[in-house]
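Q: sequence and computational prediction follow.
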Amino acid sequence: MTKPAAAVADAGQIKKLHAARASLAMLRDDMILGIGTGSTVNAFIDLLGTDGWASRLRGAVSSSEGSSARLRALGTPILDLNEVPDLPLYIDGADEATRARVLIKGGGAALTREKIIAAAADRFVCIVDDSKLVETLGRFPLPVEVIPMARCYVARRLASLGGRPVWREGTTTDNGNHILDLHDLAIADPMALEAAINQITGVVTVGLFAARPADLLVIGASGGVEFI
């Protein structure tokens, strides 16, 4: 018998909460924390409020306007990365992850800011539920942020790499750019594909996190948490 959709959704949320709660142990008083975007990160931000961490942090560097608004509502100061000399920890989610800690991100269109904060952080912790863990990346369409005037040109170049680019119409990133989602890929060499796409003129960045993977995966499952 198929489980009702609400039951499946509740089970998925519990897994996200397992991963989010496990990552609270990595926080320290007066820390400046990098915080990403997405449903698992939203669960983590909610826990910052209920567990009292929102007022114990010195501030947060956020990857999206949405996450910034949630943090401000809890009273956590939002800091500009340019004003932060050291970022010890960045916590974010992913749309797909492998056991090599390589990721696809960008389903929420925040991939560029996420990449910048991940690069600046001493430690990048990725929190996901176990449905995001895959053997080979590519089942989730690969997001590419592009300068608007270059969208069609970049789409043609992406098609030549073997994927099927689709413009995410109606979506504008917080940077004012467009998103092309690259479908029908099996990404055997994430590092090479990341480099190839980033070399296309008009690409801001691609949602492959291979050159800078997560340092730690925290995977929420029905029975608890796995760390990779």
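A: Okay, I see it. Numbers count the residues shown, from 1 in each chain.

Q: from what I can see Ala195 touches Leu208, true?
A: No - using C-beta atoms under 8 Å, Ala195 is not in contact with Leu208, being 9.2 Å away. Glycine gets a C-beta too; all of them are placed from N, C-alpha and C.

Q: off-centre distance for stretch 39-50?
A: Stretch 39-50 has its C-alpha centroid displaced from the chain centroid by 14 Å (C-alpha atoms, centre = their mean, to the nearest Å).

Q: tell me the buried residues in that stretch?
A: Residues of stretch 39-50 classed as buried by neighbour count (16 or more other C-beta atoms under 10 Å): Thr40, Val41, Asn42, Ala43, Phe44, Ile45, Leu47, Leu48, Gly49.

Q: and if you look at stretch 157-171?
A: Applying a neighbour-count criterion of 16+ other C-beta under 10 Å, one finds Arg157, Leu158, Gly163, Pro165, Arg168 buried in stretch 157-171.

Q: what residues does the last one make contact with?
A: This points to Arg168. Ala109, Pro143, His178, Ile179, Leu180, Asp181 (C-beta atoms under 8 Å, 6 or more residues apart in numbering).

Q: doesn't Asp181 make contact with the second one?
A: Same thing as Pro143. Yes - if you go by C-beta under 8 Å, Pro143 and Asp181 touch, sitting 5.6 Å apart.

Q: which of those two has more neighbours?
A: Pro143 (27 against 20; other C-beta atoms under 10 Å).
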